Every structure is written in C-alpha cells, then in structure tokens.
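Engineer: missing the sequence, but the structure's below:
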C-alpha cells in the first residue's frame, strides 16, 4: 500500500528530497544551486486559478483534467510552445487534446544557462572548466536570465520537462493507488486516465489535489515503453488554431480600457539628440492628443495609431547628430582598415600555418558580407499601463527578465513593481532581445496617465534595426600533394554583434555607447561557425575587430551567417583548385565526422548531384552548428540579371526530434531566411540613414522566387538539438557555388548580386 500522504505544511525541513527539487522546477534545470555554499532555494511564482494545482515550475493541472504547461521561452514561430509541452505530456501520459500553454513569469527557475554559457564564456571561464561553467550558471540564475535564442531552448529544457512530467505522473499514481489500496508502481497514466493495470480507472483531475501532497521516490522513473508515446509524433501545433482564426494576441492586439496609441521617431543612426519639433502642425490632425519629448526621441499620442503617425510626420522632428554619419562606404573602409590597423587575435588554431606567409603556392580569396536586417512582419511594439501600485507592460521579449529590469530603472521603480506579460512575437529572429519599445511605452503611459500602445512604423523599424554583423574575410589555403588541404587560414574583420547586444540589454548602454564599449574587442562570437569541421592538419582563424558605427544585434545564427559563407565558399574553391568533385572533396576532408558525411551523401542522392560540372547549376554546402549537422544542395542561375533558385534540398541530423513536422518547419523557415539573405535583406546606408525602407524594395524572395524545397531528417539517437538556426547560413554558399557552374565566376559578396 502507498505511504500515507503528508501535507505540504508538514514537510520536513532538514535535508533535501527529490520532491523539493521538482517542486522547484526540475533538478536538471539548475533550480536549486550550490545549496551548501549558497543556502537558498527558488520556488515557483505561478498564479493558480481556483481548482488548479501547481506541481512544479512547469506544470499545473486543474480538476477537469486540463494540463497547463508553463513555457518560459518566447514563441517566435519556431514552435517551442508546442515542443516543450509535448515532452512533458509524453512523460505524464496526458491526452494531447487537454494540453494548454501558459507563458512563464520572470523567475530564476527558467534561466537559460546554456545560452548564458555561450554568450558569457571567456578565456578565464574556459580555462576554469566546470568551475567556469558553474560561475556562469550562478550568474544567470541569480539574475533570472530568461533568454530565447541560438537554438538553445530544446537542449536547455528537454530534460527538465521530462522530469516535470514524470514527477507529476508518479504523484498522480500515488494518489490513485492510495484510493485503491494498491502499490503505486502498478499504476500508469495513458491519455489522461490513471489505471492500475486492471479494471480500475480515474481521470487525473479527480486526484490532482491529493497528488500534490505526496513525496517523490529517490529515483524518478521515466517511461520505458514505446507504445502510445507522444514524443516523436507529428502532433498539431497548439498555437495554429488561434493564429488561423485571428484570436491570437500579439502586442498590437492588446486592448485596455481608456487606451491611446503612440508612434515614435528616434532620429538617424548614432548619437542623435532631439533638437526641434513643429508641435503646432501636429495639432491639425483629428484625434491627436499630445507630443511627448525625450532627449533622444519624440512620440505623438492620439486616439488611433494612424493619427499619431500622421501627427509625427507633420511635426517634422529634427535631430542633431554627433560624430560621422553612418554610410556604407565608411563601413566598408572601416572593415578593410581593421586588417591594417590591428594584428588580429588568433581565436582558433591547430598545427602551423606559417608556410602561407613564406610565399608557398596558395589560393587566396576575399569575401564580403553586408549587415543583414531582421525585417520581422510585426514591427516593434509594446503596451503599458502605469498605476499607483506599479507598472504593467505587454510585449514580446527574448530577454524578459532584463526587459523588466530596464523598465523598472526607467520608471524609478523596484523590479518587483513591474509586471511583464510575455507575448508571442510576430517574427523577430533575435530583434526581440532588445526591449526599447517596452521602456518607451512605459514612459509614455506615465506621462499620459493612461494605458498607451506604442507601435513603431515600418520606417522606424528599419532605421532602428540592429542588423547582423557585416564582415570581410581574407581566406588562404594550400593543397598537399594528395589534393587534400594542407594549410588553411581565415582572417576575418568584423565587429562583435553579440557583445554590443549584451552591453545594451544587460548594462543599459545606448546603442552608440555599446559600440564604443566593444570597440577593439576580439571574441569567438564574432567568428562563430569558422571552426573547421574538416580534418585539416594546419589551420587558424584570426579575428580583426572593426568599429563601423552601425549598432548591431542578435540575429538568427549570428556570426554563423558569415562564417559558413566564407568557409563553404572557399572550400569549394579549394576543391576546384584540386580538380576534385566538390562532394567527394568535402567527404575525404571530413575525417572522423561521419554525421556530416552522411548529410552530404544524403543530400547528393536526394538532389541528383551531378558532380558540380559546368552548366549544372548545382552547388553544395555543409556545416556543423550547436550539435546539429546539415548539408544543403541548391540549383540556381541568373536570368535577366535576377537570381533564380529552382530547388533547395537539405539533409539534417539534429538528434532525436520531439516533433519531426515542427523540425522540418524550422529548417524550411531557415532555408527561406537564408535565401532572403542571399537575394537581399541588406541595404545601403547614407548620411546616417538607410537608403530605403519598403519591404518590396529589399530584394526579398517572393513565392514565385522559391522553387521546390525538400528537407530530410536523418534518423538519429543523439540528444535533440534546436534547429531554428541550422539552415539559414548554408543557403548563400550553396547558391554561390551553384552560380559558379553556370556563370564561370565566383560570387564572393553577400547579397550575391550586391549592388555598387
């Protein structure tokens, strides 16, 4: 018979049991850290409605049996609000039709230590090994660094959600077993029904309150059977119905009593200060309410957004810009100057590359990548309401804890006085790491004394974008007698977009201040993706920091966007120099990397690889990113001066995926994103402003430009990895290599048909 339940208020205080850990949200998620050194446990701060019971930081169940899964990661279309609940529901034994999702509040329990390690690692932490990782984990947890990005959501929280679901299953089985006077180990849950292996049945909602009073065993049992498992199934996304019928709430859909609307202007790019506004002209607009000025921006508030934006147009704000205005020519010159002004820092090295400097016969090429804009369908937006008891802000944020802290600082409030309601984002791919609209909306609401919804115009969204980093590369290599690469050298001039982003969101630096703070900083984050997967005996990657004057930010795949373009374009050149077919050349250079070789062989078989012969219009690229392996084959050409892409085939080994359909969606999305970067998504700058801001003039792919897309997920028993970032970096090099077979020349700039 199961042990008699003990009420929560009677729980022992000495020592720790596994139930204490799980109530804190999952041992593997780092929810109780360094107890002996820092005796402090975090508890869930979930709100529960009448009839709901919180089992841990990731799960609530109500009396009707509805399973409410708490998701701390920002949904931006990548499907994480379905994948994480699917993991938990699988271990719980839930009926998928009863599963719902709720966004998590800001809490240390949801800190993304995996992304924090990637972002904050330095030479000291790497040298310290596990102690260095522990220090970063402590920092991330204490600061509640809830971060979404770099494909870390699934590997970060996969085990925690398994534990949360398994723990709830055990507790529910214990409660049912006590009623039936049987051993709880004989009970199980399938499709939301608890059974004892015989005729007795209970719905999970019938025992949910009793279940929370039991303790967990010392060893938490996971499901062993393969029957009736939710993990691995292509279950429908939980957010699809509301997005189809329009009931899904994004930031611009929020409506509050007595709410007004605002539009904003923030001046040209750089250290810009507001100088003058023609407020009289703005008053002629019907619905206009007020002009609100700050040192670096001005907003118009009206009864509707169109009136607010029209009022700002008529007000014609003038800004004074300090320093040299940003322009494309200056950025290109700064990147080239970085090679001459600095010796660079060797961030990756193996063997000896010195013979390249001694005049050995080499192949050398130069590549250029322009800044890549985010261009999310939903412009930056936030809604705020400031009251006597504090502030409420509705917004999509990839760093909600840091956003809440910034809003509190701007308002002069304690962090606890600010409530942030995390919303799904209508795109973003890294742009939502920054949170300026939340701060601005809060200040506007305080000034107006009523709720304010701030929506940036498309023009403002483009001007104030924080693009991915531009980069120049000088690649050099030497072939050995057997045709294999003997020496490989990559020298990259680029600013570090990740360092700038951290300076803004963690240290509240203005964009131009973040540029100055990170000038001259060399970082592996600036050359991510250039650590060779190929078995080259002598190779090195050097970073030359560059200050270009353009604020940069977190992006999909970050520096892999230029790193993979440089590497996979140049290895194709080396294969041509060796007179070896491009796929065979790559596979022979992979050495002990069978997973990437498998991807290459698969994509070649699926795409009908013709060996890269002249006129074939076929190109290859392969890459390793965040534990995932991918190869892409593209068929492309140029017709009437325009890039035409007929087919894109991708083979991906991303481990054992929870929902294969969503995994394919993520890869397909990345392929289209990569095509946008190959065709456009980058614009010239002049006099501190982008030269265009209309999406139709960005050179972005349209439906007619996208041919057949095929994605093959390679079966794998490896741990699952996030696939949101894996595909985007490979499309441009695959297309560039394809164009060489038809045009007979190399395309070494990105976008590929770069103007000017």
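Structural biologist: Sure thing, it's come through. The model shown is predicted, which means the values in this text are computed figures rather than measured ones.

Engineer: need the contact list for residue 567.
Structural biologist: By Cβ atoms under 8 Å, 6 or more residues apart in numbering, the residues touching residue 567 are 490, 529, 530, 532, 623, 733. Any C-beta I mention is one placed from the backbone N, CA and C, and that applies to glycine too.

Engineer: ok, the residues you listed vs residue 720, which is closest?
Structural biologist: Distances from residue 720 to those, taken as Cβ to Cβ, are shortest for residue 623 (18.2 Å).

Engineer: confirm that closest one sits in a strand?
Structural biologist: Yes: the assignment for residue 623 is a strand, going by DSSP: H, G, I helix; E, B strand; the rest coil.

Engineer: distance check, it against residue 527.
Structural biologist: For residue 623, the distance to residue 527 equals 14 Å [Cβ to Cβ, to the nearest Å].

Engineer: same check, this time on residue 368
Structural biologist: 15 Å.

Engineer: and what of residue 175?
Structural biologist: Applying Cβ to Cβ to residue 175 and residue 527 gives a distance of 54 Å.

Engineer: more crowded one of these two?
Structural biologist: The residue with more neighbours, out of residue 175 and residue 527, is residue 527; 28 against 25, by other Cβ atoms under 10 Å.

Engineer: the more buried one touches residue 345, doesn't it?
Structural biologist: No: assessed by Cβ atoms under 8 Å, residue 527 is found out of contact with residue 345, at 9.8 Å.

Engineer: what touches both of these two?
Structural biologist: Common contact partners of residue 527 and residue 345 (Cβ under 8 Å, 6+ apart): residue 543.

Engineer: OK, contacts around the closest residue to residue 741 other than its chain neighbours?
Structural biologist: Leaving aside its sequence neighbours, residue 741 sits nearest to residue 616 (Cβ to Cβ, 6 or more residues apart in numbering; 5.0 Å). By Cβ under 8 Å, 6+ apart, the residues touching residue 616 are 610, 738, 741, 742.

Engineer: make it 10 Å
Structural biologist: Counting by Cβ atoms under 10 Å, 6 or more residues apart in numbering, residue 616 touches 608, 609, 610, 635, 738, 741, 742.

Engineer: separation between it and residue 642?
Structural biologist: Residue 616 is 20 Å from residue 642, by Cβ to Cβ.

Engineer: also residue 716?
Structural biologist: 38 Å.

Engineer: so those two - more neighbours on which side?
Structural biologist: residue 716 (18 against 11).

Engineer: verify the stated contact: residue 550 with residue 335.
Structural biologist: No: assessed by Cβ atoms under 10 Å, residue 550 is found out of contact with residue 335, at 11.1 Å.

Engineer: which residues are in contact with each of these two?
Structural biologist: In contact with both residue 550 and residue 335: 469, 470, 495, using Cβ under 10 Å, 6+ apart.

Engineer: go through the residues you listed and name the one nearest residue 182.
Structural biologist: Of all these, residue 182 sits closest to residue 469, with 61.6 Å by Cβ to Cβ.

Engineer: next, the closest one: secondary structure please.
Structural biologist: Taken by three-state DSSP, the conformation at residue 469 corresponds to coil.

Engineer: the closest residue to residue 284 other than its chain neighbours: what secondary structure?
Structural biologist: Once flanking residues are discounted, residue 284 sits nearest to residue 314: 6.7 Å by Cβ to Cβ, 6+ apart. Here residue 314 is helix, with the state taken from three-state DSSP.

Engineer: do you know how far residue 314 is from residue 288?
Structural biologist: 9 Å.

Engineer: okay, those two: which has more neighbours?
Structural biologist: Higher neighbour count among residue 314 and residue 288: residue 288, with 21 against 16, using other Cβ under 10 Å.

Engineer: dihedrals phi and psi, the more buried one?
Structural biologist: With angles defined as degrees, to the nearest 10, residue 288 sits at phi -70, psi 140.

Engineer: surely it meets residue 310?
Structural biologist: Yes: the pair residue 288 / residue 310 is scored as a contact, 8.2 Å apart, by Cβ under 10 Å.

Engineer: which residues do those two both contact?
Structural biologist: Common neighbours of residue 288 and residue 310 (Cβ under 10 Å, 6+ apart) are 282, 300, 302.

Engineer: what about the first one, how many neighbours?
Structural biologist: I take that to be residue 282. Neighbours around residue 282, by other Cβ under 10 Å: 25.

Engineer: try the second one
Structural biologist: Look at residue 300: counted by other Cβ under 10 Å, it has 29 neighbours.
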